[in-house]
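> no sequence on hand, only this structure:
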């Protein structure tokens with residue numbers, strides 16, 4: 001009888017330990033999910049503000065598009081509009097996919113495969129944005145020169161200071177986009193490290 005009671009007590013204790021382990025594992029997974037999502041909170045906030053600014057500029061250009069009266073200014077306007085509308089949407093959508101990756105209902109391997117895929121897409125979009133921002137600098141200057149001052153950017157007289165300003169602007173954009181891409185790389189690498197902790 002004592003052996004049966006001992007076995008019953010042992011069985012009950014094993015069940016309780018198993019339940020506690022499952023609960024602990026669930027809590028760890030939920031905390032990991034929260035830590036992972038938080039990695040993208042700040043950058044999502046800034047990208048949302050950036051998107052709002054882009055959309056407001058796009059609306060302004062659209063309302064005044066009729067002022068772009070040559071084929072090359074119209075081309076600049078179309079490129080600028082496309083960039084200001086499409087790029088923020090692509091970035092925000094990609095960020096949302098990465099940030100909302102559900103790690104609770106997937107295996108470690110499935111999570112890592114999904115993350116790697118979404119990370120590549122996000123970084124590719126950032127690379128495209130980096131390269132195209134140099135073109136955008138000139139198309140935006142051409143569009144707003146016409147809309148604000150009614151001057152054709154490509155026909156105005158330029159002096160050495162003007163070219164110096166362009167050189168400074170290109171240098172600034174080069175370092176700013178490089179810093180931005182590096183920030184994305186650091187955040188995505190850091191998030192990946194959190195996911196890899198699940199395999200420990």
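Everything's here; your move. The model shown is predicted, which means the values in this text are computed figures rather than measured ones.
> list the buried residues in the one helix or strand in the chain whose mean pLDDT sits lowest.
For the chain, counting by mean pLDDT, DSSP states H and E, helix 2-38 ranks last in confidence among helices and strands (a mean of 74). For helix 2-38, a neighbour-count test (16 or more other Cβ atoms under 10 Å) marks 32-33, 36-37 as buried. From N, CA and C alone the C-beta is placed, and that goes for glycine too.
> and the helix or strand harbouring residue 125, what does it pack onto?
Using DSSP states H and E, the element containing residue 125 is helix 108-149. Applying 3 or more Cβ pairs under 8 Å, 6 or more residues apart in numbering; DSSP states H and E, we find helix 108-149 packed against helix 41-63, helix 71-99, helix 160-196.
> could those go into JSON lines alongside mean neighbour count, mean pLDDT and distance to residue 121?
Formatted as JSON lines, these follow (neighbours: other Cβ atoms under 10 Å; pLDDT from 0 to 100; distance: least, Cβ to Cβ, whole Å):
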{"stretch": "helix 41-63", "mean neighbour count": "14", "mean pLDDT": "94", "distance to residue 121": "15"}
{"stretch": "helix 71-99", "mean neighbour count": "17", "mean pLDDT": "94", "distance to residue 121": "5"}
{"stretch": "helix 160-196", "mean neighbour count": "13", "mean pLDDT": "87", "distance to residue 121": "11"}
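> out of these, which gets nearest to residue 18?
Closest to residue 18 of the helices and strands packed on helix 108-149, according to Cβ to Cβ: helix 160-196, at 25.7 Å.
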